[in-house]
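Trainee: Provided below for reference: sequence and predicted model.
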Amino acid sequence: MHTVAVLAIDHVVPFDLSTPLEVFSRARLPDGREAYRVRVCAPRSEVYSESFTIRAEWGVDALAEADTIIVPGCAEKAGPPGEDILQALRSAAERGTRIASICGGAFVLAAAGLLDGLRATTHWLATDLLARLHPAVDVRPNVLYVDNGQILTSAGAAAGIDLCLYMVRRDHGSAVAAHTARLSVMPLEREGGQAQFIVHELPPVPRGSVLEPVLAWIQDNLGRELALQTMAARCGMSERTFSRRFREQTGTTPLQWLLRARVHRAQYLLENTDHGIDRIAQQAGFGSPTAFRERFKRVTGITPQSYRASYRESNRTT
């Protein structure tokens, strides 16, 4: 029987810990037998979460017997993982053990050096921090999970369920995974490349900046055709000076900022209205439905229709 070890570290996030327990414990083979043996492993017999204490029957040495290791996320107060934990993960990786992280668990894998040179993801709020602390990791902020073969990472807690179901499907086929998904009241069809439900915030502008009025004007006029010349004229600058000042104060170009503003508006309309794609394309200033679909997918990773369907499915299942 396939053994799944869930590694619990102090200040573990309860939902991240319960996710693999829920999914793998429910998985059944066609003949009714349990598909996985699930063990909670920890450096001590008692581990603290944000709201309760967990008693772990298995120690870190039990990771050596696991076929799959799952590393849940921990709260910020947890601090860096101990060297005994990092070495246990490195040894498991050397043996070929499959290792996956949920949400902030990616930071533990990165600290162990297991993500160097690989694609990885974590919760979208923490992707910038992961990239900054571990520059050798190819951080992908806009996906639900990443499969590198032996090493897998997922975004937020709900994406951890997607990843666990994906591993069940990879191990035992779609029928077993679909049955497990139904027992967990989860859809099976969210693929790893699908974007996280990110609100694409616009780069901040220093308070009192000369750009503040023009950016407010741009957001009020997204449905119009906005050329660089028009935006520069609102500030009384040449296009060259405007572009330079804009990049200095926002870290991006005026046209890139405009695209993100339009995607941000489109996300809001897809989430909160029943307007058709043609109307939203016009309201957000994309010019045509074709341009809207192409540019929205470029930024978010999925089509507007898929974004709307997935957002509403997520709301029904949470």
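Mentor: Perfect, I can see it now.

Trainee: What's the per-residue pLDDT of the residue nearest to A177 when sequence neighbours are not counted here?
Mentor: Among residues not flanking A177 along the chain, R169 sits closest, at 3.5 Å (Cβ to Cβ, 6 or more residues apart in numbering). Glycine gets a C-beta too; all of them are placed from N, C-alpha and C. Listed pLDDT for R169 reads 85.

Trainee: Quick check: R169 touching A175?
Mentor: No: counting by Cβ atoms under 8 Å, R169 does not reach A175; the two are 9.1 Å apart.

Trainee: Compare neighbour counts for those two and give me the winner.
Mentor: A direct count of neighbours by other Cβ atoms under 10 Å for R169 and A175 places R169 higher, at 17 against 11.

Trainee: how close does the closest residue to G223 other than its chain neighbours sit to T19?
Mentor: Among residues not flanking G223 along the chain, G285 sits closest, at 5.0 Å (Cβ to Cβ, 6+ apart). Taking Cβ to Cβ, to the nearest Å as the measure, G285 falls 39 Å from T19.

Trainee: Next, the closest residue to A42 other than its chain neighbours: phi, psi?
Mentor: Take A42 and drop its neighbours on the chain: the residue closest to it by Cβ to Cβ, 6+ apart is A56, 3.6 Å away. Per-residue torsions, A56: phi -100, psi 130 (degrees, to the nearest 10).

Trainee: doesn't Y48 make contact with A56?
Mentor: No: if you go by Cβ under 8 Å, A56 and Y48 don't touch, sitting 11.4 Å apart.

Trainee: residues contacting G105?
Mentor: D16, I70, V71, P72, G73, C74, T122, T153 (Cβ atoms under 8 Å, 6 or more residues apart in numbering).

Trainee: Give me the nearest residue to the fourth one, chain neighbours excluded.
Mentor: Using Cβ to Cβ, 6+ apart and skipping the chain neighbours, the partner closest in space to P72 is D16 (3.5 Å).

Trainee: mind checking how far the one you found is from L259?
Mentor: Counting by Cβ to Cβ, the gap from D16 to L259 is 33 Å.

Trainee: More neighbours: the two, which one.
Mentor: Using other Cβ under 10 Å, the more surrounded residue of D16 and L259 is D16, with 26 against 19.

Trainee: That one: which element?
Mentor: helix 14-26 (DSSP states H and E).

Trainee: what do you get for A5?
Mentor: strand 2-7.

Trainee: Quick check: the residue of the chain positioned farthest from its centre vs V210, distance?
Mentor: Relative to the centre of the chain, the most outlying C-alpha is that of G236, 40.8 Å out, by Cα atoms, centre = their mean. Separation of G236 from V210 (Cβ to Cβ) stands at 9 Å.

Trainee: Kindly report the same for A42.
Mentor: The value you get for A42 to V210, if Cβ to Cβ is used, is 55 Å.

Trainee: And the two? Which one has more around it.
Mentor: Ranked by neighbour count (other Cβ under 10 Å), A42 and V210 place A42 first, with 22 against 14.

Trainee: if we look at the sheet, which residues does the more buried one bridge to?
Mentor: When bridges are called by DSSP bridges, A42 pairs up with G59.

Trainee: residue contacts, it?
Mentor: L7, A8, I9, I54, A56, W58, G59, V60.
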